[in-house]
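S.K.: need a structure here:
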Amino acid sequence: MKIEYLGHSSFKITYKGGVVITDPFSPSYVGLPFKKTEANLLLSSHAHEDHNYLENITGEPFVISAPGEYEVGGVKVRGFSSFHDDKEGKERGRNTIYTFEVEGVTFCHLGDLGHSLSEATAEELPDLGVLFVPVGGIFTIDASTASKVVAQLEPSYIIPMHYRVEGMSKGFSELAPVKTFLEEMGVEDQEEVAKLEVSSTALPEEPQVVVLQPTG
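M.R.: Have a look, this model is predicted:
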């Protein structure tokens with residue numbers, strides 16, 4: 001199956017049975033382009049405009065926006081309650097972490113996680129093939145905390161998200177760039193790739209950081 005980066009915290013996972021989209025954003029709010037995209041399943045970590053903009057999603061997707069257990073078109077989804085800040089949601093509210101299994105690969109999208117993961121939560125999460133992790137700080141965990149979460153979860157692929165890129169609106173200008181996370185992880189000379197193809201039979205033995213180029 002194929003993973004593409006739509007920008008910010010939004011990804012498109014294309015598999016034989018359909019398409020999963022995570023956290024679609026408003027282009028006018030974030031300052032980045034977001035083309036109309038068809039989906040069968042849409043996961044939204046929280047209701048903020050940069051994670052829950054449904055207007056550009058076409059088709060008739062099943063929308064999941066809360067914790068719980070679901071199965072949609074053969075995709076098993078589990079949502080875990082968490083917070084958008086490190087003050088138990090008092091500043092920015094709640095956030096949903098999603099795990100979802102597609103063609104034998106388990107994905108985890110942390111949304112706008114704003115705090116360290118407890119050992120109890122980490123133990124509840126299954127073995128991960130792909131982890132989408134916010135790294136920009138300010139509104140989410142920063143690069144240092146993100147690296148600790150990666151160490152807790154030990155995914156096969158680590159894909160950073162929610163970091164500063166050129167062209168973003170002023171409200172996102174204080175986010176750290178992805179380079180900060182790469183340095184924290186000890187990764188040098190990481191080039192962006194247009195897409196990542198994954199298979200349950202060909203996951204890397206050692207954790208691998210992949211920086212995806214936004215398709216917008």
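S.K.: so who does Phe100 touch?
M.R.: By Cβ atoms under 8 Å, 6 or more residues apart in numbering, Phe100 lies in contact with 20, 41, 43, 75-78, 106-107, 109. Where you see a C-beta, it was placed from the backbone N, CA and C, and this is true even at glycine.
S.K.: Tell me the predicted confidence for the residue nearest to Ala194 when sequence neighbours are not counted.
M.R.: With Cβ to Cβ, 6 or more residues apart in numbering as the criterion, Ala194 has its nearest non-adjacent residue at 5.4 Å, and that residue is Gln213. Gln213 carries a pLDDT value of 95.
S.K.: and Gln213, how far is that from Gly18?
M.R.: According to Cβ to Cβ, to the nearest Å, Gln213 stands 23 Å off from Gly18.
S.K.: Compare the two (neighbour count), which wins?
M.R.: Gly18 (19 against 13; other Cβ atoms under 10 Å).
S.K.: Now that one. Nearest residue, chain neighbours left out?
M.R.: Nearest non-adjacent residue to Gly18 (Cβ to Cβ, 6+ apart): Asn40, at 3.4 Å.
S.K.: mind checking how far that neighbour is from Thr58?
M.R.: Distance, Asn40 to Thr58, using Cβ to Cβ: 11 Å.
S.K.: what about the two, which has more around it?
M.R.: Ranked by neighbour count (other Cβ under 10 Å), Asn40 and Thr58 place Asn40 first, with 17 against 10.
S.K.: By mean pLDDT, which helix or strand of this structure comes out lowest?
M.R.: helix 119-124 (a mean of 88; mean pLDDT, DSSP states H and E).
S.K.: what about dumping the CA coordinates of that one to PDB?
M.R.: The C-alpha trace of helix 119-124 is given here as PDB (Å, rounded to 0.1, in the frame of the first residue of the first chain):
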ATOM      1  CA  GLU A 119       3.500   3.700  30.200                       C
ATOM      2  CA  ALA A 120       0.000   2.400  30.500                       C
ATOM      3  CA  THR A 121      -1.100   4.000  27.200                       C
ATOM      4  CA  ALA A 122       2.100   2.900  25.500                       C
ATOM      5  CA  GLU A 123       1.500  -0.700  26.600                       C
ATOM      6  CA  GLU A 124      -2.000  -0.600  25.200                       C
END
